[in-house]
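Chemist: Build me a model:
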Amino acid sequence: MDDAIIDDKQTKITKEKANEYEFYERGIRNGLVSGLMISTYLLILRAFNQGGNMSLKILAFLILTGAIAYEIKQRKEQVKTGTLFKKGILIGMFISFIAASTILLFESAVFLLDYEWLVPMFKNKITGVIEFATFASIMFLETILYGLISTFIILQYYKTSKVR
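Modeler: This is a model prediction of the structure:
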C-alpha cells in the first residue's frame, strides 16, 4: 500500500516537472518567435519610412498578443481549476520578457550595424550609446507592459466567459 502511495507521489512530481519544463520550453519558443516577428515588422516599417507611425507600430504588438493568447489557450486544460489566472500571468510575463529581450538584442544589432535605421523611430537622432540605451529601455519596458496588459485582458475573457 505504501509503495502505491510513493509511486503515485513520484508520478505526480514527474508530471509537475514535465509541465514546468514544457512551460519554459514553450515560453522561450513563443517569446523568441514573437520577438523576431515584431523586430522584423519594425525593420520593414523603417525601410518604408513608416517607423514613426504609431498606429502601424501598435499593430506589431498584436503579434505578441497572439502568442500569449495561443499559449494561455493551450495551457488552460493543463492547470487546475482556479489557478488559470496565476499561471496565465506567469505565462504572459515570461513570453513578454523573452520577446522584449529578443527585440532588445535585435535593436542592438541594428544599432551596431547602422544607427541611421533607428532614426525614424523617434524624431531625435540616435547617435550615441546614451540615446540608444534610453531607446532600448523604452522598447523593453513598452513590450513587457503591453504583454502584461494584453495578458490581463485575455485572462478576463476566460474568467467571464464559459470557455473554461
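Chemist: where exactly do the helices run in the chain?
Modeler: 2-47, 54-75, 84-113, 129-160 (DSSP state H).
Chemist: out of the ones you listed, deepest packed?
Modeler: helix 84-113 (a mean of 19; mean count of other C-beta atoms under 10 Å). Every residue, glycine included, has its C-beta placed from N, CA and C.
Chemist: Average pLDDT for that one, rounded please.
Modeler: In this model, helix 84-113 carries a mean pLDDT of 88.
Chemist: and what of stretch 126-138?
Modeler: Mean predicted confidence for stretch 126-138 is 81.
Chemist: G88 versus I153, what's the distance?
Modeler: According to C-beta to C-beta, to the nearest Å, I153 stands 11 Å off from G88.
Chemist: Please apply the same query to L64.
Modeler: For L64 relative to G88 (C-beta to C-beta), the value is 15 Å.
Chemist: A100 now?
Modeler: Applying C-beta to C-beta to A100 and G88 gives a distance of 18 Å.
Chemist: Please apply the same query to E25.
Modeler: 17 Å.
Chemist: Please apply the same query to E22.
Modeler: E22 is 15 Å from G88, by C-beta to C-beta.
Chemist: same question, L43
Modeler: For L43, the distance to G88 equals 30 Å [C-beta to C-beta].
Chemist: go on, I58?
Modeler: Using C-beta to C-beta, we find I58 at a distance of 22 Å from G88.
Chemist: My read is that E107 contacts A136, right?
Modeler: Yes - using C-beta atoms under 8 Å, E107 is in contact with A136, at 5.9 Å.
Chemist: which residues do the two both contact?
Modeler: Common neighbours of E107 and A136 are not found (criterion: C-beta atoms under 8 Å, 6 or more residues apart in numbering).
Chemist: Tell me who's in contact with the one residue sitting closest to the centre of the chain.
Modeler: The centre of the chain sits closest to S96, judged by C-alpha atoms, centre = their mean, with a distance of 2.4 Å. By C-beta under 8 Å, 6+ apart, the contact list for S96 reads 31, 64, 68, 143-144, 146-148, 151.
Chemist: same question, I95
Modeler: Contacts for I95 (C-beta under 8 Å, 6+ apart) come out as 27, 30-31, 34, 64, 67-68, 71, 147.
Chemist: residues in contact with the nearest residue to it once chain neighbours are set aside?
Modeler: In space, and not counting its chain neighbours, I95 is closest to G31: 4.6 Å by C-beta to C-beta, 6 or more residues apart in numbering. Taking C-beta under 8 Å, 6+ apart as the criterion, G31 is in contact with 67, 94-99, 101-102.
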